[in-house]
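>>> Next come a sequence and a model predicted from it.
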Amino acid sequence: MTATADFDERLTLAASSSDLTVSLERRGDVDLLIAAGKAPFPVGRMVYQLMTEWGGCAKPKRLTHEDIQRLAETIPRVTMGKKGRKVQALDLPGARAAAEELLATERRRILGRLKSLPALMDPHAGLLPWVVARGMADPSVKLLDVLGWWADRNCTACNGTMWQVLPGTNVQSKTPCKVCPGSGRRPVPHGEDGRAISEHIERNVDRARAGARRALKSVPLLKHFAAGKV
């Protein structure tokens with residue numbers, strides 16, 4: 001794990017910590033929250049908060065290989081094979097695409113219930129004005145889906161493991177996942193527009209992270225000052 005990922009994880013965990021005791025002798029979860037609150041770039045901080053809220057809520061149900069097959073049986077079949085040997089087969093790619101849209105709808109529903117989302121989707125602040133200013137079609141939908149990707153990046157076929165799961169089991173094979181080519185991640189939604197939005201979010205998160213790290217160095221002095229020890 002990189003230092004950046006480690007700091008991100010600690011900050012995210014601190015936001016849901018049950019122990020926010022202020023100690024003059026040691027650094028605790030509350031120190032990270034104080035540092036994050038003092039750091040500039042509030043949009044980046046709100047993204048952190050959204051990820052924390054997502055981590056504590058019920059997630060969309062993952063569809064198994066059997067679920068995909070059952071879904072494929074409800075949609076028109078596709079013609080496969082060479083001339084003279086054509087057969088009607090289940091449209092598994094079409095079923096997976098339909099399943100992905102169902103998951104996307106469920107992510108939007110869950111995100112819509114999180115307390116930090118309205119600030120990020122505010123038409124006069126947050127992230128939405130930047131998206132609107134780029135002239136993107138359906139800016140709210142695209143931003144919401146990209147925030148959903150930030151909250152839940154795992155490939156829906158391998159659940160982020162990078163390896164194919166043997167049908168009917170939870171056992172991983174030694175074959176890289178074909179859906180995500182072994183990356184363990186699903187693609188950022190909405191193509192070029194989605195990637196641009198994601199890069200903008202990342203810049204805000206990077207700035208908030210750097211600000212929190214700088215502010216963390218001054219937290220011990222702040223605590224001693226508050227306690228009348230300075």
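In hand now; what should we look at? Numbers count the residues shown, from 1 in each chain.

>>> ranges for the strands of the protein?
Remark: strands assigned in the chain by DSSP state E are 78-80, 87-89, 163-165, 172-176.

>>> got the residue ranges for the helices in the protein?
Applying DSSP state H to the chain gives helices spanning 3-15, 29-38, 42-55, 65-72, 92-111, 117-120, 128-133, 139-151, 191-216, 219-226.

>>> Format the ones you listed as TSV; extra columns: mean neighbour count, mean pLDDT and distance to residue 163.
Backbone N, C-alpha and C define where each C-beta goes, glycine included. Output for the helices of the chain, formatted as TSV (neighbours: other Cβ atoms under 10 Å; pLDDT from 0 to 100; distance: least, Cβ to Cβ, whole Å):
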stretch	mean neighbour count	mean pLDDT	distance to residue 163
helix 3-15	15	65	21
helix 29-38	19	66	34
helix 42-55	20	85	24
helix 65-72	16	87	14
helix 92-111	16	91	17
helix 117-120	17	94	33
helix 128-133	15	95	35
helix 139-151	20	95	21
helix 191-216	17	86	25
helix 219-226	14	59	42
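
>>> Of all those, which one is nearest residue 160?
Nearest to residue 160 among these is helix 139-151; the distance by Cβ to Cβ comes to 12.8 Å.

>>> For that closest one, enumerate the helices and strands it packs against.
Judged by 3 or more Cβ pairs under 8 Å, 6 or more residues apart in numbering; DSSP states H and E, helix 139-151 is in contact with helix 42-55, helix 92-111, helix 117-120, helix 128-133, helix 191-216.

>>> Apart from its neighbours in sequence, what residue is nearest the residue nearest the centre of the chain?
Taking Cα atoms, centre = their mean, the centroid of the chain lies closest to residue 151, which sits 1.8 Å from it. In space, and not counting its chain neighbours, residue 151 is closest to residue 54: 4.0 Å by Cβ to Cβ, 6 or more residues apart in numbering.

>>> Identify the residues contacting that neighbour.
Shown in contact with residue 54 (Cβ atoms under 8 Å, 6 or more residues apart in numbering): 110-111, 114, 151-152.

>>> do the same with residue 26
Shown in contact with residue 26 (Cβ under 8 Å, 6+ apart): no residues.

>>> how near is it to residue 212?
Distance, residue 26 to residue 212, using Cβ to Cβ, to the nearest Å: 18 Å.

>>> thinking residue 91 is in contact with residue 73, fair?
No: look at residue 91 against residue 73 with Cβ atoms under 8 Å: they stay out of range, at 9.7 Å.

>>> In terms of neighbours, single out the busier of those two.
residue 91 (18 against 11; other Cβ atoms under 10 Å).

>>> Would you check how far apart the more buried one and residue 74 are?
For residue 91, the distance to residue 74 - Cβ to Cβ - is 10 Å.

>>> Count the neighbours of the nearest residue to residue 89 once chain neighbours are set aside for me.
Using Cβ to Cβ, 6+ apart and skipping residues adjacent in sequence, the residue nearest residue 89 is residue 80, 4.6 Å away. Residue 80 has 12 neighbouring residues, counting by other Cβ under 10 Å.

>>> Over to residue 27?
13.

>>> where does it land on pLDDT?
According to the prediction, residue 27 has pLDDT 73.

>>> so how far is residue 125 from it?
Residue 27 sits 32 Å away from residue 125, taking Cβ to Cβ as the criterion.
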